[in-house]
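> after the sequence you'll find the predicted model.
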Amino acid sequence: MPEQRLRIAIQKKGRLSDDTVKLLKACGIKVNLNTQRLIAHSDNMPIDILRVRDDDIPGLVMDGVVDLGFIGQNVLEEESMMRKVANEPTAHKVVKELAFGECRFSLAVDNDFDYQGVQSLANLRIATTYVHILKRFMAEANVPYTSCMLTGSVEVAPRAGLADAICDLVSTGATLEANGLKEVEVIYRSTAVLMQRDKPLTGDKQDLVDRILTRIDGVQTAKE
Ligand code: PRT
Ligand code: ZN
């Protein structure tokens with residue numbers, strides 16, 4: 001019966017995909033992902049892998065459609081805030097912090113911008129994908145601003161005249177540099193995490209999750 005199988009959502013294609021698949025393999029989960037199928041069945045364990053866009057993963061777990069999801073904390077945080085506003089379920093458990101997907105969510109401005117602190121951004125327009133995380137930071141800093149939501153190409157917004165500043169994910173800083181921007185404020189630090197649905201799993205399924213978590217610990221410790 002399909003509901004007896006553990007369902008895990010992973011990012012289909014993107015920055016978390018390779019590391020997630022590598023980790024699943026290292027955990028001994030055999031699954032053929034060389035297809036375009038949405039769902040892949042493991043050959044050696046009662047596990048189904050659902051491959052979707054990362055933005056869909058927190059909601060799938062919070063709605064109980066899947067049992068586990070591999071996701072960046074930034075996306076989880078943003079979706080949680082969005083759902084709270086919409087009065088939708090947000091309950092879940094973060095069961096493991098993972099050693100990949102590391103990045104920071106930072107404010108950046110043009111190299112020649114005379115930045116003296118967050119106050120320098122007062123009443124300016126800031127482009128970002130993660131509007132709620134930015135909103136919380138700016139509210140705590142008590143700085144009014146206008147938000148400009150872009151799901152891609154955030155780093156070109158200032159040059160294109162769409163915004164005065166940006167708030168975007170940064171890892172090496174090369175993208176900011178290539179676009180003549182400087183990082184002025186780190187507002188959130190993120191890694192990938194494994195999240196689990198809030199509702200308890202049946203005994204067998206939870207045992208399987210516990211085994212996976214132990215294996216992840218083994219893999220991550222071996223790498224340290
Ligand atoms: O298609 P889908 O919706 O599934 O993927 P996506 O395009 O929304 O996300 P993706 O694959 O780009 O990123 C997935 C997750 O990886 C993010 O949510 C973060 O948790 C994590 N992550 C880690 C990053 C980065 N590092 C990162 N550097 N996500 C994005 N970037 C981008 C950033 O937006 C900027 O464009 O990389 C560029 C900056 O990189 P540097 O090295 O030049 O600083
Ligand atoms: Zn996405």
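Yes, it's here. Ligands and ions are numbered 1, 2, ... in the order given.

> so how far is L68 from G28?
With distances taken as Cβ to Cβ, to the nearest Å, G28 is found 16 Å from L68. Heads up, the C-betas are built off the backbone N, CA and C, glycines and all.

> actually A122, sorry about that
From A122 to L68 the distance is 42 Å (Cβ to Cβ).

> check A86 too.
23 Å.

> now swap in K135 and tell me
Counting by Cβ to Cβ, the gap from K135 to L68 is 29 Å.

> picking that back up, have a look at G28 and L68 and say which one is more surrounded.
Legend: neighbour count by other Cβ atoms under 10 Å for G28 and L68, higher for L68 (29 against 13).

> which residues does the more buried one form a beta bridge with?
Note on L68: beta-bridge partners by DSSP bridges are I8, Q196.

> check what pLDDT it gets.
Looking at L68, its pLDDT is 98.

> residues in contact with it?
With contacts defined as Cβ atoms under 8 Å, 6 or more residues apart in numbering, L68 is in contact with 6-9, 61, 95, 194-197, 209, 212.

> format those as a markdown table; extra columns: distance to ligand 2, pLDDT and neighbour count.
Putting the contacts of L68 into a markdown table (distance: Cβ to the ion, whole Å; pLDDT from 0 to 100; neighbours: other Cβ atoms under 10 Å) gives the following:
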| residue | distance to ligand 2 | pLDDT | neighbour count |
| --- | --- | --- | --- |
| L6 | 24 | 98 | 22 |
| R7 | 20 | 98 | 21 |
| I8 | 18 | 98 | 27 |
| A9 | 13 | 98 | 26 |
| V61 | 15 | 98 | 28 |
| V95 | 22 | 98 | 15 |
| L194 | 18 | 98 | 22 |
| M195 | 15 | 98 | 24 |
| Q196 | 21 | 98 | 21 |
| R197 | 20 | 98 | 21 |
| V209 | 25 | 98 | 18 |
| I212 | 24 | 98 | 23 |
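
> show me the contacts for N44.
28-30.

> on the three-state scheme, it is what?
What DSSP: H, G, I helix; E, B strand; the rest coil gives for N44 is coil.

> phi and psi next, for it.
Here is the backbone geometry of N44 (degrees, to the nearest 10): phi -110, psi 0.

> out of the contacts of L68, who's near ligand 1?
Counting by Cβ under 6 Å from any ligand atom, nothing from the contacts of L68 sits close to ligand 1.

> out of those, the closest to V184 would be?
Of all the contacts of L68, V184 sits closest to M195, with 30.8 Å by Cβ to Cβ.
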